[in-house]
Every structure is written in C-alpha cells, then in structure tokens.
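Peer 1: What follows is a predicted protein model with its sequence.
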Amino acid sequence: MRGGAFMKMLLDDSKLIYIQIADAILDAILKGSLKEGEQVYSTNQFAKLYGINPATAAKGINLLVEESILYKKRGIGMFVASGAKSMIIDKRRKQFVDEYVTKLMNEAKKLSITKEELINLINKYEGGEKR
Amino acid sequence: MTYIVECKDISKSFGKTNALVDVNIRIQKDKIYGLLGRNGAGKSTLLNIIDAQMFPTAGEVKVFGEAPFENKKVLENICLIKESGMFLKDLKVKEAIYLASLFYPNWDADFAERLLDEFELDTNKLYKHLSLGMKSQLSIIVGLSGRSPLTIFDEPYIGLDAPGRQFFYDILIDDYMNNPRTIILSTHLIDEVSNMLEEIIILHKGKVEIEGNADEIRSKAFYISGDKIQVEDFIKFKKILHKELMGENMLAVIYDSLYEKEKAEIYSADLTISSIPMQQLFIYLTGGKMVKRGVINE
C-alpha cells in the first residue's frame, strides 16, 4: 500500500469533511503519487490520520466508488480503477470553468479589465514564483 | 430497527423549572453521538434519566429495549462518566480503578494499565488529592476501559488541558474502531469533537433543536455572501438563521438544502459560499440574543 501517497493535510472548515477526504484521494491520483491499480488507505486509516469518524471517511471513499474512480476488492480493500486519472481530469476541467473562469471573469469585470487585457495577461504569465 | 436508547416524550421539571420538554430521541447502535447544548440546556438531566439516576416527570425511556430503572442487566452495560463526583474521596487511584473493574463486566485491565501509564497518573495518590486535570484523567480511563456497550461522557474532559483533551480524542477514535460501541459525548467544546461525531443532537432550553447525521447537518449549513440584492434573491426561499449587512454586501447564514443547480448559480452570480463550522452553527441556533454582530432587524 502506498501510505506515503497522502500527506496529512489540515482539514478546512469551509468544506465538508468527506468531500475533503475524496479530494485528497483525487489529488493524489492526479499528482501520480497514487497510481491506477494501487490500494488506497482504508476507512479506519483515514479516520485515524485525520481524527474523524470512520463513517465520514467511508462516505468520502464511497463517493469515489460511485464515480467508478475507486473499486472494491472484497475482503482486501479499495483500489484505484484504471482510467481513473483521465476521468478526474475530465471532471476537474468542467469544474474549472464553473469555479475558476467564472470567478476570473467576474473579478476582471469589477476591476474594468477588458477581455483583451486579460488575454494579454495570460499570454505574459509565466507562473507565480518565476517572475 | 432496535435502538440502544429510545426516549419518548420525556419531560422533567424541577419545581417550576422545565429542564426537559417533550424530548424524543433514538440512539442507534455503535455510533458516536454528540449531545450538544449550552449550559443549562438539559444535557446532564437527559443523561441521568437514561442512566436511571433520575426519573422523568413524564414520558418513557428504554435502554437496550428495556426500562432502565433497577434493571441490573441494563445498568451494568451503561457507563456514565460525569464531570465530577465519580469516586469516594478517600480512595486511592488504584482502589478506584479496582472498584470500577468489578462494576463493569467488559472491563479491560490491560488497557486501563496502559492508559494510567500514558497519562502518568500516580496510582497511590488519594482521589481527594488529585488536581482537576488528574480527576478528569481518572474518569476518562474508567470510561474507556469499561468498554460498556453504551458509554457516555458527560463533559469529563473539561478539567483537561488542550494536549490532554487531544490525547483523549485520539485514543477514543482509535479504541472505538477497535471496539465499536455506542458512545455519547456531551460537550460544548464543539470545534474539538465535531469531526469525530457521526450523529448530532442539539438541545436548547430543554428541547431538541436539531438531530441527525453530522454530515447531513453540515451539508445544509452554509454562509453565502456577496452583493446584497443577489444574496437576498438567492435566499428568498431558504431558512435563514442570520444576516449581516456591510454597505452593499450581505452575509447570510442558511440552514437548508442546496441543490447542484443552485451551486452553479452561485458561481455565475459572483456569490461566495462556504460551509459553517459546527460550533458556529450551534451559536447561530442557540445563541439567541447573544448573536448581535451586524444583526439586521426586519
């Protein structure tokens, strides 16, 4: 089992806990620290790691089973499904429009930044710390 | 479904004071419950009734399906740990532990030994010479080692400092997973325990204000903020707990269901949404006139 795939992150009050557990697993798969076919932490391991109720941890894991990102091997545990990474990327891209692009456009509007200026800013952008 | 505890229309009066009013609750097997309430909300009264240390004025209580009063079979399976006055003052710690081991049929002596060691509690000390923190430690050791099918902690951790409480929470979760049982934590230190709870009961002025699955309650409680008109429009048909106004901006506290479609609306309307920590929700639900900051009177 890839125990090291999860850094213990701090839980954030602004989001539901089981969603944060699911997100932590998704992030680990996206980053490649948890690979397709590999076993995921058990409900009890998550509960212990984060100091949360095991039922809450189970809810986060089951959410990903419903989305076919994880699958259950009876009596052994949960595993990352093949194709999981591309499914996550598809889903996150859809969310990207809702959460990031919409926010960016709204904020730009408030600051009277035109679409052209925005495109220019993106073209010139080289990534936060490098500049 | 059989419940570990069933309270039907429980009321309890002390003279003219109504400590509990028509309380109906059902406690399910092997879950961790949080019994949350302000000082004087009726938490201890309810727990004392469940443990048959007090009679209700009206209503019916069943524990493990039976009436608990003078029922040995029921009572030896309940462990109620109170904030104070658990033990005889002139007993040594080890004597108190010994007596507890006789009382609780599922007592785990090795576990008690380990906890005494980890808390670094001096077993030769007299109970009356223990500090408040040490008394709390002893209560917690008894509560955990008792391994009772129904284990109730009525704020015994109040005397512990922050690292001591964290240690208790960590052990509790760990031990619960190894030995699942029904646990009720009564507390007002909600931030600290809320992540461990599966079910929540909020008592307010002797009545059940909210009860249900902790995640479901959390998913209904949220802040929404942004332009006043847009916020007003969005919350029109929602249950509003609180509103704050700052110029053209509004922050609303909502306790209601939110659909996926509405979430998308929030993003396109430039509104901000975030979950409310359980403790903050508790304040909005039970704080009454104490929640004053930025109140809008309508």
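Peer 2: That came through, no problem. Note that this is a predicted model, so its numbers are computed, not measured. Numbers count the residues shown, from 1 in each chain, chains lettered A, B, ... in the order given.
Peer 1: going forward, measure contacts and count neighbours with C-alpha atoms only.
Peer 2: Noted.
Peer 1: lowest-confidence helix or strand of the chain?
Peer 2: You didn't say which chain, so I picked chain A. Using mean pLDDT, DSSP states H and E, helix A:102-110 stands out as the lowest-scoring helix or strand of chain A, at a mean of 87.
Peer 1: right idea, wrong chain: chain B
Peer 2: helix B:260-268 (a mean of 79).
Peer 1: Next, see if that one gets close to chain A.
Peer 2: Yes. Interface with chain A: helix B:260-268 contributes B:264, B:267-268 (CA under 8 Å from any CA of the partner chain).
Peer 1: Export only the CA atoms of that helix, formatted as CSV.
Peer 2: Presented in CSV, the C-alpha positions along helix B:260-268 are these (Å, rounded to 0.1, in the frame of the first residue of the first chain):
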residue,chain,number,x,y,z
GLU,B,260,-26.2,21.2,-7.5
LYS,B,261,-28.0,23.6,-9.9
GLU,B,262,-28.1,26.3,-7.2
LYS,B,263,-24.3,25.9,-6.7
ALA,B,264,-23.7,26.7,-10.4
GLU,B,265,-26.0,29.8,-10.0
ILE,B,266,-23.9,30.9,-7.1
TYR,B,267,-20.7,31.0,-9.2
SER,B,268,-22.3,32.8,-12.1
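Peer 1: for the least confident helix or strand of chain A, which positions count as buried?
Peer 2: By neighbour count on 16 or more other CA atoms under 10 Å in any protein chain shown, the buried set for helix A:102-110 is A:102-103, A:105-106.
Peer 1: How about stretch B:275-284?
Peer 2: B:275-279, B:281-282, B:284.
Peer 1: what does the average pLDDT come to for that stretch?
Peer 2: Here stretch B:275-284 scores 91 as its mean pLDDT.
Peer 1: got the CA positions of stretch B:2-13 in CSV?
Peer 2: Extracted in CSV, the C-alpha atoms of stretch B:2-13 (Å, rounded to 0.1, in the frame of the first residue of the first chain):
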residue,chain,number,x,y,z
THR,B,2,-33.8,-1.7,17.7
TYR,B,3,-32.3,1.3,19.3
ILE,B,4,-29.8,1.5,22.1
VAL,B,5,-31.8,4.3,23.7
GLU,B,6,-35.3,5.4,23.0
CYS,B,7,-36.8,8.5,24.7
LYS,B,8,-40.5,9.1,24.1
ASP,B,9,-41.9,12.5,25.1
ILE,B,10,-39.6,12.9,28.0
SER,B,11,-40.2,15.9,30.2
LYS,B,12,-38.5,16.7,33.5
SER,B,13,-39.4,19.6,35.8
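Peer 1: Contacts for it next, please.
Peer 2: B:18-29, B:45, B:50, B:55-65, B:150, B:182 (CA atoms under 8 Å, 6 or more residues apart in numbering or on different chains).
Peer 1: Now which of those residues would you call buried?
Peer 2: Using 16+ other CA under 10 Å as the burial test, those include B:19-25, B:27-29, B:45, B:50, B:55-56, B:59-64, B:150, B:182 as buried.
Peer 1: just to revisit the earlier point, give me the buried subset of the residues of helix B:260-268 next to chain A.
Peer 2: Looking at these with 16+ other CA under 10 Å, the buried ones turn out to be B:267-268.
Peer 1: Identify the residues contacting stretch B:246-261?
Peer 2: With contact meaning CA under 8 Å, 6+ apart, stretch B:246-261 is reached by B:219-228, B:231, B:235, B:238-245.
Peer 1: Give the buried residues for it.
Peer 2: Buried residues in stretch B:246-261 (16+ other CA under 10 Å): B:250-256.
Peer 1: Relative to residue B:93, which of those residues is nearest.
Peer 2: residue B:255 (46.8 Å; CA to CA).
Peer 1: Give the closest residue to the closest one in space, chain neighbours not counted.
Peer 2: residue B:221 (4.5 Å; CA to CA, 6 or more residues apart in numbering or on different chains).
Peer 1: Could you double-check that that neighbour sits in contact with residue B:279?
Peer 2: No. Counting by CA atoms under 8 Å, residue B:221 stays clear of residue B:279, with 11.2 Å between them.
Peer 1: per-residue confidence at the residue of chain A most remote from its centre?
Peer 2: What lies farthest from the middle of chain A is residue A:112; by CA atoms, centre = their mean that is 32.2 Å. Confidence at residue A:112, expressed as pLDDT, is 94.
Peer 1: report the longest helix in chain A, please.
Peer 2: Longest among the helix segments of chain A by residue count, using DSSP state H, is helix A:17-31.
Peer 1: Average pLDDT for it, rounded please.
Peer 2: Here the average pLDDT along helix A:17-31 is 92.
Peer 1: in it, what's buried?
Peer 2: Counting neighbours by 16+ other CA under 10 Å, one finds that the buried residues in helix A:17-31 are A:17-22, A:24-30.
Peer 1: what distance separates the helix or strand following that helix from the middle of the whole chain?
Peer 2: Per DSSP states H and E, the first helix or strand lying C-terminal to helix A:17-31 is helix A:43-50. Remark: helix A:43-50 is offset 18 Å from the chain centroid, using CA atoms, centre = their mean, to the nearest Å.
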